[in-house]
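**Q** Below is the sequence, then the predicted model.
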Amino acid sequence: MYTKFCYIIASFCGIGYIPFASGSFASFITLPIAFVITYFWGFFGIFFSSIIIFFIGNFASKEVLKYTNHDPSFIVIDEVLGQLITFIFCSKYLKANLKLDIFFIYMIGFLLFRIFDIFKHGLVNWADKKIENSWGVMLDDVFAGLQAGLVLLLIILLIEVFKR
């Protein structure tokens with residue numbers, strides 16, 4: 001029962017078993033979750049949710065990895081984490097909606113995260129290749145989310161400057 005529960009968490013309630021682009025589906029489904037968390041709790045909600053998901057995902061992935069190879073495609077809780085992290089830096093813009101279309105920000109954040117997660121350069125690649133345990137499963141998406149979040153913040157700031 002314990003192992004099955006870990007598989008459910010790691011696969012984000014079975015989304016990881018979608019036969020194609022399961023990581024993209026998990027990231028996309030995370031968008032309304034990020035919206036609700038940001039709307040009600042802002043930066044601290046996204047930040048603390050990310051910490052909680054990191055440890056729960058690490059815990060579940062550790063159990064699942066006992067029975068599988070390194071970072072199987074059905075583990076998508078790391079994509080949920082990375083997608084949430086993408087919105088940490090711009091959470092104040094999402095909460096206040098300062099002259100920006102929220103839908104636009106979420107879609108750009110989604111695309112940026114998927115690009116950084118799929119192409120895996122820099123720290124994302126290092127974590128994916130060098131850390132061969134549950135920490136590596138989670139950290140590559142943490143780094144992808146941080147990179148995507150910083151680029152998203154830069155885009156938002158540039159838009160704000162040019163709108164003046």
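**A** Noted; the coordinates are in hand.

**Q** buried stuff in the helix or strand of the chain with the lowest mean pLDDT?
**A** In the chain, the helix or strand scored least confidently by mean pLDDT, DSSP states H and E is helix 91-96, which has a mean of 81. Across helix 91-96, burial judged by 16 or more other CB atoms under 10 Å covers 91, 93, 94, 95. Yep, even glycine has a C-beta here, placed from its N, CA and C like the rest.

**Q** What of stretch 108-124?
**A** 108, 109, 110, 112, 113, 114, 116, 117, 120, 124.

**Q** repeat for stretch 48-67
**A** For stretch 48-67, a neighbour-count test (16+ other CB under 10 Å) marks 49-50, 53-54, 56-58, 60-65 as buried.

**Q** what's next to it, contact-wise?
**A** For stretch 48-67, the surrounding residues in contact (CB atoms under 8 Å, 6 or more residues apart in numbering) are 2-3, 5-7, 9-10, 37, 41, 72, 75, 77-78, 80-81, 84-85, 88, 133-135, 137-138, 142.

**Q** where's the residue sitting furthest away from the middle of the chain relative to residue 157, distance?
**A** Distance from the centre of the chain peaks at residue 164, with 31.6 Å (CA atoms, centre = their mean). To residue 157, residue 164 is 11 Å away according to CB to CB, to the nearest Å.

**Q** mind listing the helices for this protein?
**A** Along the chain, the stretches classed as helices by DSSP state H are 2-10, 22-64, 77-86, 91-96, 102-119, 123-130, 134-163.

**Q** Work out the gap between the fourth one and the centre of the chain.
**A** Per CA atoms, centre = their mean, to the nearest Å, the displacement of helix 91-96 from the mean C-alpha position of its chain is 18 Å.

**Q** Pull it out as CSV, backbone CA atoms only.
**A** These are the backbone C-alpha positions of helix 91-96, laid out as CSV (Å, rounded to 0.1, in the frame of the first residue of the first chain):
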residue,chain,number,x,y,z
SER,A,91,4.2,36.2,-8.0
LYS,A,92,3.6,39.9,-7.1
TYR,A,93,2.8,40.6,-10.8
LEU,A,94,0.4,37.7,-10.9
LYS,A,95,-1.3,38.7,-7.7
ALA,A,96,-1.6,42.4,-8.5
